[in-house]
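Enquirer: Please find the sequence and the predicted model below.
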Amino acid sequence: MIYIETSHLLLRDWKEEDIEPFAKMNCDPHVMKYFLKPLTERESFDFYKRIQDEFNQYKYGLYAIEKKENGAFIGYTGFHRFDFDTDFAPGVEIGWRIRYEDWNKGYATEAAKGCLSYAKDNLPFDTIYSFTSLHNKSSEKVMQKIGMEKIRTFLHPAVPDNHPLKEHILYKIKLPLRISHPKR
């Protein structure tokens with residue numbers, strides 16, 4: 001199923017043939033620079049299964065991104081429920097991961113804007129967070145371009161103390177309230 005269509009992208013359900021390029025993307029040291037480590041093939045498959053489980057449970061999640069021009073899988077974007085030990089949890093985050101050869105082409109921003117537009121009319125939440133390592137300026141720029149507001153920095157509880165990626169930047173956006181009109 002296609003959930004969102006943008007100028008250059010389709011945000012859709014995952015296909016079995018996405019698993020191989022997904023695993024390749026997740027083991028790329030460029031792509032995973034601001035994560036604790038690249039993922040193994042097994043870890044990527046387990047991640048894929050968690051994405052499927054979240055869709056089954058909540059009816060939303062991380063959508064596979066496909067380029068319209070050639071049908072290539074280039075990554076994911078979408079929503080994820082988080083509940084780690086911090087004062088702003090539980091919540092819903094918007095996130096993205098794009099294969100390295102498609103960086104700096106505007107795809108993360110385009111996909112994320114499409115997700116926010118879709119969420120406004122179709123999903124059961126109106127507050128969305130995004131966070132990344134303080135050093136990840138590219139993702140922070142996407143957060144700014146999609147209209148998110150910088151809240152503060154925080155120490156991510158899942159990152160070991162004294163690790164260079166421990167400090168994260170937190171952004172938030174509040175979607176317009178959906179107004180339901182009474183049926184006549």
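Expert: Looks like it arrived, so ask away.
Enquirer: Going by neighbour count, list what's buried in the helix or strand where residue 108 lies.
Expert: Element membership for residue 108, per DSSP states H and E: helix 107-122. Of the residues in helix 107-122, 107-116, 118-119 count as buried by neighbour count, 16 or more other Cβ atoms under 10 Å. Where C-beta positions appear, they are placed from N, C-alpha and C, glycine not excepted.
Enquirer: now stretch 145-158: mean pLDDT?
Expert: Stretch 145-158 carries an average pLDDT of 97.
Enquirer: Give me the contact list for that stretch.
Expert: For stretch 145-158, contacts defined as Cβ atoms under 8 Å, 6 or more residues apart in numbering pick out 84-86, 88, 94, 109, 112-113, 116, 128, 130-131, 134, 143-144, 165-173.
Enquirer: List only buried entries from these.
Expert: Judged by 16+ other Cβ under 10 Å, buried ones among those: 86, 88, 94, 109, 112-113, 116, 128, 130-131, 134, 143, 165-166, 168-173.
Enquirer: for the chain, what's the longest helix?
Expert: Across the chain, the helix with the greatest residue count (assigned by DSSP state H) is helix 41-58.
Enquirer: Direction included, what does the longest strand anywhere in the chain pair against?
Expert: The single longest strand within the chain, with elements called by DSSP state E, is strand 73-82. Strand 73-82 has its sheet partners listed here by DSSP bridges as strand 62-67 (antiparallel), strand 91-98 (antiparallel).
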